[in-house]
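Visitor: The following comprises the amino acid sequence and a computationally predicted model.
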Amino acid sequence: MKIALLGYGKMGKVIEGIAIQRGHSIVLKVTSQDKNYNLADVDVAIDFSTPESAVDNITNCLMNNVPVISGTTGWLANYNKMVELCHEKNGAFIYASNFSLGVNIFFELNKTLSKLMKGLPQYSTSIEEIHHTQKLDAPSGTAISLANDIITNSEYKNWTLETPKNNELGITAKRIENVPGTHEITYESSVDTIQIKHTAHNRDGFALGAVIAAEWIVGKHGIFTMKDVLNIG
Ligand SMILES: NC(=O)c1ccc[n+]([C@@H]2O[C@H](COP(=O)([O-])OP(=O)(O)OC[C@H]3O[C@@H](n4cnc5c(N)ncnc54)[C@H](O)[C@@H]3O)[C@@H](O)[C@H]2O)c1
Ligand SMILES: O=C(O)C1=N[C@H](C(=O)O)CCC1
């Protein structure tokens with residue numbers, strides 16, 4: 001496959017290595033310096049850019065009939081606009097807050113645990129995420145996905161980075177040098193604690209998942225998720 005990398009930073013570079021190992025070629029690498037890039041002769045685009053640029057990148061792909069995978073976080077207020085555009089153009093699009101197989105299994109564990117804990121008011125729930133100090137957004141997209149799944153299955157109404165009030169699910173976002181991504185869910189009562197945790201050791205899992213998603217989407221039309229790609233849950 002001929003792949004365009006929209007964003008050639010920490011993730012773009014790891015994706016490049018894995019894509020080449022799997023027999024693909026990188027025909028375009030876009031950074032903040034490249035304003036008007038040309039998507040001709042691209043089979044699929046992989047966007048790991050910035051919260052400010054993801055919407056333009058996804059729009060460019062959909063307008064040019066290029067299937068697009070986006071892992072960029074922090075732009076989700078515009079997700080529905082991208083869904084509409086994708087339908088209008090009969091395009092193909094996957095967004096995932098986290099492309100790693102391990103985190104996608106962790107998402108399913110989180111949903112199951114939150115269903116088990118529903119109706120047990122003696123436990124209070126919280127989420128902690130830790131990432132490297134260059135990360136632009138907080139909380140992480142993954143933490144938001146985890147929080148939304150807990151909210152769906154519980155009495156919590158929304159998440160907050162502040163001290164949680166009634167019906168608010170607290171998320172703590174820590175920034176520590178070189179941490180690729182750690183997420184922990186805690187259920188705390190006066191007698192015990194239940195915790196589930198995912199720790200990424202490096203960026204390879206995110207990058208491999210994105211390349212697998214790119215391989216999977218070519219030739220398809222519609223909006224998909226990593227559940228479709230991995231066939232789990
Ligand atoms: N979904 C996942 O699995 C996952 C995993 C890791 C990171 N991420 C997300 O991916 C994004 C990128 O992460 P990173 O660590 O590679 O960041 P990074 O800062 O290392 O790289 C960002 C890249 O985007 C480029 N960029 C800036 N403006 C651009 C534009 N207008 N068009 C194209 N590229 C542009 C920058 O030049 C840079 O190359 C972040 O939003 C991060 O949260 C998601
Ligand atoms: O390094 C990042 O930035 C990461 N971003 C994603 C998120 O916000 O959840 C996934 C983990 C790494």
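Guide: Structure's in. What do you need? Ligands and ions are numbered 1, 2, ... in the order given.
Visitor: how much space between Arg203 and ligand 2?
Guide: Summarising the geometry, the distance separating Arg203 from ligand 2, computed by Cβ to the nearest ligand atom, to the nearest Å, is 7 Å. C-beta here means a position set from N, CA and C on the backbone, and glycine is covered the same way.
Visitor: whoops, I mixed them up, Asn153
Guide: Relative to ligand 2, Asn153 is positioned 20 Å away (Cβ to the nearest ligand atom).
Visitor: Next, count neighbours for that residue.
Guide: When neighbours are defined as other Cβ atoms under 10 Å, Asn153 has 16 of them.
Visitor: which residues touch the closest residue to it other than its chain neighbours?
Guide: Nearest residue to Asn153, sequence neighbours excluded (Cβ to Cβ, 6 or more residues apart in numbering): Ser114, at 4.0 Å. By Cβ atoms under 8 Å, 6 or more residues apart in numbering, Ser114 lies in contact with 125, 149-150, 152-154.
Visitor: How confident was the prediction at Ser114?
Guide: At Ser114 the predicted local distance difference test score is 98.
Visitor: do the same with Ile185
Guide: pLDDT, Ile185: 98.
Visitor: Buried among the contacts of Ser114? Make that a PyMOL selection.
Guide: Applying 16 or more other Cβ atoms under 10 Å to those leaves a buried subset, and the PyMOL line that selects it is:
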select buried, resi 125+149+150+153+154
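Visitor: Now for Ile171: which residues touch it?
Guide: With contacts taken as Cβ under 8 Å, 6+ apart, Ile171 has the following neighbours: 126-129, 139, 143, 147, 159-161.
Visitor: So which bits of the chain are right by ligand 1?
Guide: Where proximity means Cβ under 6 Å from any ligand atom, the interface of the chain facing ligand 1 comprises 6-12, 30-32, 48-50, 53, 57, 71-74, 96-99, 206.
Visitor: And the contacts of Ile171, which is closest to Gly222?
Guide: Checking the contacts of Ile171 against Gly222 with Cβ to Cβ, the nearest one is Ala147 at 26.1 Å.
Visitor: Does the closest one fall in a helix, a strand, or a coil region?
Guide: The three-state label given to Ala147 by DSSP: H, G, I helix; E, B strand; the rest coil is helix.
Visitor: Now do the nearest residue in space to it that is not next to it in sequence against ligand 2, distance only.
Guide: Sequence neighbours aside, Trp159 is the residue nearest to Ala147 in space, at 4.0 Å (criterion: Cβ to Cβ, 6+ apart). The spacing between Trp159 and ligand 2, counted by Cβ to the nearest ligand atom, is 14 Å.
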